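Peer 1: coords please:
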Amino acid sequence: MNLINLLLSKRAVEILKILSKKSKTKKELKDILNTSSSSLRQTLNRMVDYGLIEENENFIKILPKGEYLLKICEVMENQEKFFKIFGDFLNLYYIDDIPENLTIRFYELSEMRLIEQRSEIYTPHREFIENLINSKEIYGYSSVFFPEYISLFLKLAKENRKIEIAVSKDIFDFIIKNYREKLEEGLKHENVSFYISKRKFKFSFIVTDIFFSISFFFRNGVFDHKRDFICYSKKCRTWGIDLFRYVRKNSYRVDIKDMKKLLQNP
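Peer 2: Residues are numbered from 1 along each chain as shown. This is a model prediction of the structure:
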């Protein structure tokens, strides 16, 4: 049996998980696993041969190589969970705008769940709004326009929430045309940062100290306003923050002084 096949052995992975918490005797392992001595002996011998565990007269303990391979197994398990949630959408959505260093970390989104709604187009669902209201720090990007956001974000800005928002150029132009005064009012707050992306990314998302939420465009260029993927785990939020940093790196900031220049030179 080679190392890959050993890793695919549920029993070997189970043993690594047990030993990662605390070293065990052979009898303790046998009782926990509810297996025969001969079967356990065969698996332990293979694991010792590959340098995953160390066995002495009293205890069996996991080695650094075993801990590393256990992390690989955990990544594989999370990739499988993510694939069950998102796999059917990989052929539907345009995800090319997400950088490769984040797509290979999709497993960090394994705790995402899908929210489908039947409400009117571009209307955020209640859970999304409630999460925003309860967040202290808010970061996000939008390439579609949600009218509800204008008053909500202005209210949160007045409450001294830390807000950093980036939008595509066409959304910025729409806001300037229809909500200029409210945007100017929001930019007066020191806790607010506003950016315009240098290109239109085909996704929209919000990440806060509470949750992460993301929506996508279909490959035909139409935004999927009926589906939203939401997650509350620290790993999901870290992934979302890294996506925002990528967007911010590919955007330029607009402050109140820039607004005045833009209005003077339309």
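
Peer 1: where along the stretch 151-266 of the chain do the strands fall?
Peer 2: Listed from the start of the chain, the stretch 151-266 of the chain has strands (DSSP state E, counting those that start in this stretch) covering 162-167, 192-197, 203-208, 212-216, 227-231, 251-254.

Peer 1: looking at those, spot the one closest to residue 40.
Peer 2: strand 227-231 (38.0 Å; CB to CB). C-beta here means a position set from N, CA and C on the backbone, and glycine is covered the same way.

Peer 1: next, the buried residues of the closest one.
Peer 2: Using 16 or more other CB atoms under 10 Å as the burial criterion, the residues of strand 227-231 that qualify are 228-231.

Peer 1: what does stretch 178-192 give?
Peer 2: For stretch 178-192, the buried set under the neighbour-count rule, 16+ other CB under 10 Å, comprises 179, 183, 186-187, 189, 192.

Peer 1: looking at the buried residues of strand 227-231, spot the one nearest residue 67.
Peer 2: When those are ranked by distance to residue 67 (CB to CB), residue 231 comes first, at 26.3 Å.

Peer 1: including distance to residue 127, could the buried residues of strand 227-231 go into JSON lines?
Peer 2: Compiled in JSON lines, the buried residues of strand 227-231 are given as follows (distance: CB to CB, whole Å):
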{"residue": "228", "distance to residue 127": "9"}
{"residue": "229", "distance to residue 127": "12"}
{"residue": "230", "distance to residue 127": "7"}
{"residue": "231", "distance to residue 127": "12"}
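
Peer 1: among these, which one has the lowest pLDDT?
Peer 2: Taking those together, the minimum pLDDT is found at residue 228 (91).

Peer 1: isn't residue 193 right next to residue 164, touching?
Peer 2: Yes. Applying CB atoms under 8 Å, one finds residue 193 in contact with residue 164, separated by 4.3 Å.

Peer 1: do you know how far residue 160 is from residue 71?
Peer 2: Applying CB to CB, to the nearest Å, the value for residue 160 to residue 71 is 40 Å.

Peer 1: leaving out sequence neighbours, find the closest residue to residue 73.
Peer 2: The shortest distance from residue 73 to any residue other than its chain neighbours is 5.1 Å, reached at residue 13 (CB to CB, 6 or more residues apart in numbering).

Peer 1: is it true that that neighbour touches residue 70?
Peer 2: Yes. Judged on CB under 8 Å, residue 13 makes contact with residue 70 at a distance of 7.3 Å.
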